[in-house]
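Undergrad: with the sequence up front, the predicted model follows.
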Amino acid sequence: MEPDDFYQDGSRLLQERFGTRALADHLAGRYVLAELEDQHADWIRGADTVWLATVSPAGQPECSYKGGLPGFVHVAGPRLLEIPSYDGNGMYRTLGNTVTNPRVGLLFLFPAVPAKLRVNGACQLTTDGLDAHPGAEAVLRVHVEQVFENCPRYLHHPVTGEHSAHCPRPGYRPPDADWKQKPEYDQLLPGRPAAAEREHL
């Protein structure tokens, strides 16, 4: 994806301030996709949760947890996801937001995969095809527009609850993220010398 289509002015301002614009451009151009890859689809089929962000008519963002059995989010295609809505408290804040503003953001975490997957797009609320989603009273059909992974280093262990070794704490220097060691990031990370320079340090 073209970086200028992915980042807004506020992001650009902070990238310039913290010296990460070249890195951000590289990530957007290489890793932000317009559809799900096969691996992403497999991850989602094994997911039992998704965090769903919507925006109210007044511009108030809201984030809602959605849970179900693994596979409850149906991958209908590389550019289409279906999220069932089960019986809840009757407020319909999340679904109501999508009626007036279809823009949504999804965050997936996975029980068996140390990864974070973000999906942005537009959705449609429907009560058709509920037979494919047992127990659902409605379904959000999300048309995928942007797919990208986030650095997983701050994820805590999903089973043991052990906190990530990368979390800052007093008197402790966290290890570098594994992805930062890849040659493609030489000269893109602020304050980090290229591989050839590091060999002589």
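TA: In hand now; what should we look at?
Undergrad: let's check: the centremost residue of this structure is which one?
TA: With distances taken as Cα atoms, centre = their mean, Arg118 lies nearest the centre of the chain, 1.6 Å away.
Undergrad: bridging residues for that one?
TA: Arg118 has the following beta-bridge partners by DSSP bridges: Leu107, Phe148.
Undergrad: wait, it sits on Val144?
TA: No. Using Cβ atoms under 8 Å, Arg118 makes no contact with Val144, being 10.9 Å away. Just so you know, the C-beta spots here come from the backbone N, C-alpha and C atoms, and that holds for glycine as well.
Undergrad: for the closest residue to Asp128 other than its chain neighbours, what is the enclosing helix or strand?
TA: Leaving aside its sequence neighbours, Asp128 sits nearest to Val139 (Cβ to Cβ, 6 or more residues apart in numbering; 7.8 Å). Assigning secondary structure by DSSP states H and E places Val139 in strand 138-150.
Undergrad: quick one: list the elements packing against that strand.
TA: When contacts are defined as 3 or more Cβ pairs under 8 Å, 6 or more residues apart in numbering; DSSP states H and E, strand 138-150 packs onto helix 21-31, strand 80-85, helix 93-100, strand 103-109, strand 116-126.
Undergrad: can you state the direction angle for it and strand 80-85?
TA: Counting by axes from the mean of the first three to the mean of the last three Cα atoms, to 10 degrees, strand 138-150 lies at 120 degrees to strand 80-85.
Undergrad: could we number from 56 for the rest of this?
TA: Taking 56 as the first residue, the last one we looked at is strand 193-205.
Undergrad: now strand 193-205: how far from the chain's centre is it?
TA: Centre-to-centre, strand 193-205 and its host chain are 9 Å apart (Cα atoms, centre = their mean, to the nearest Å).
Undergrad: pLDDT on that strand, on average?
TA: The average pLDDT for strand 193-205 rounds to 97.
Undergrad: may I have stretch 115-131 exported as CSV, CA atoms only?
TA: Backbone C-alpha positions of stretch 115-131 (Å, rounded to 0.1, in the frame of the first residue of the first chain) are rendered in CSV as follows:
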residue,chain,number,x,y,z
GLN,A,115,-16.8,8.6,19.8
PRO,A,116,-14.7,5.5,19.2
GLU,A,117,-15.8,2.3,20.9
CYS,A,118,-14.1,-1.1,21.2
SER,A,119,-16.1,-4.3,21.9
TYR,A,120,-14.9,-7.8,22.7
LYS,A,121,-16.6,-10.5,20.7
GLY,A,122,-16.0,-14.2,21.6
GLY,A,123,-17.2,-17.6,20.4
LEU,A,124,-15.9,-21.0,19.7
PRO,A,125,-12.8,-21.2,17.4
GLY,A,126,-14.0,-20.5,13.8
PHE,A,127,-17.0,-18.3,14.9
VAL,A,128,-15.6,-15.6,12.7
HIS,A,129,-16.2,-17.0,9.2
VAL,A,130,-13.6,-16.3,6.5
ALA,A,131,-15.9,-16.0,3.5
